[in-house]
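**Q** what follows is a protein structure lacking sequence information:
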């Protein structure tokens, strides 16, 4: 299944229209530098730490199979006993998104977008706005949406205890 628009493509356009054109029309020109690979690795580690805060959470798999991810997300959201969902996948009006963390709340869901930055940046808010719009359009009651970023005042106490990092 191929989506015409995704959160990543919308974000790329908002940052720089030429960037989106290059990503879509000339993807072979993309160069991944060691610095980019390192940033991706840090981002994945921060995502892992965010998921560890919710040990009863469920990770939506199907990275390459988006139909499977949409189906699994639907099944998880239809359950009577709700639990946090990681990488929940939604589609609305031709736009596909994957939400980092969806946390059950009293009357709906709290959507949390996790960033490895030390502060929320304007494009993070655009990112979150797109995800919220798509999830709501897909029928999810998003009561709250937040950007979680690294707390620059966090001091690691040891023993793999990262509570308070985000």
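**A** Noted; the coordinates are in hand. Not measured: the values here are computed from a predicted model.

**Q** so which elements touch the helix of greatest length in the chain?
**A** Under DSSP state H, the helix in the chain containing the largest number of residues is helix 34-52. Packing partners of helix 34-52 (3 or more CB pairs under 8 Å, 6 or more residues apart in numbering; DSSP states H and E): strand 95-104, strand 109-114. Heads up, the C-betas are built off the backbone N, CA and C, glycines and all.

**Q** name the residues that touch that helix?
**A** 57, 59, 86, 100-101, 112, 114-116, 148, 150, 162, 165-166 (CB atoms under 8 Å, 6 or more residues apart in numbering).

**Q** swap in stretch 126-135?
**A** 7, 10-11, 14, 88, 90-93, 95-97, 99, 102, 109, 111, 113, 142, 145-147.

**Q** per-residue pLDDT of residue 23, please?
**A** Residue-level confidence at residue 23 comes out at 80, pLDDT.

**Q** what of residue 122?
**A** pLDDT, residue 122: 85.

**Q** coming back round to it: columns mean neighbour count, distance to residue 132 and mean pLDDT on top of the helices and strands packed on helix 34-52, output as a markdown table?
**A** Output for those, formatted as a markdown table (neighbours: other CB atoms under 10 Å; distance: least, CB to CB, whole Å; pLDDT from 0 to 100):
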| stretch | mean neighbour count | distance to residue 132 | mean pLDDT |
| --- | --- | --- | --- |
| strand 95-104 | 22 | 9 | 94 |
| strand 109-114 | 22 | 6 | 96 |
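
**Q** can you lay out the ones you listed as CSV showing distance to residue 71?
**A** CSV is the format used below for the helices and strands packed on helix 34-52 (distance: least, CB to CB, whole Å):
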stretch, distance to residue 71
strand 95-104, 13
strand 109-114, 18
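
**Q** please, where are all the helices along the protein?
**A** Counting by DSSP H, the helices of the chain are 7-15, 17-25, 34-52, 66-78, 122-137.

**Q** which parts of the last one are buried?
**A** It stands for helix 122-137. 124, 126-128, 130-136 (16 or more other CB atoms under 10 Å).

**Q** farthest pair within the residues you listed?
**A** Using CB to CB, these span at most 18.5 Å, a distance reached by 124 and 136.
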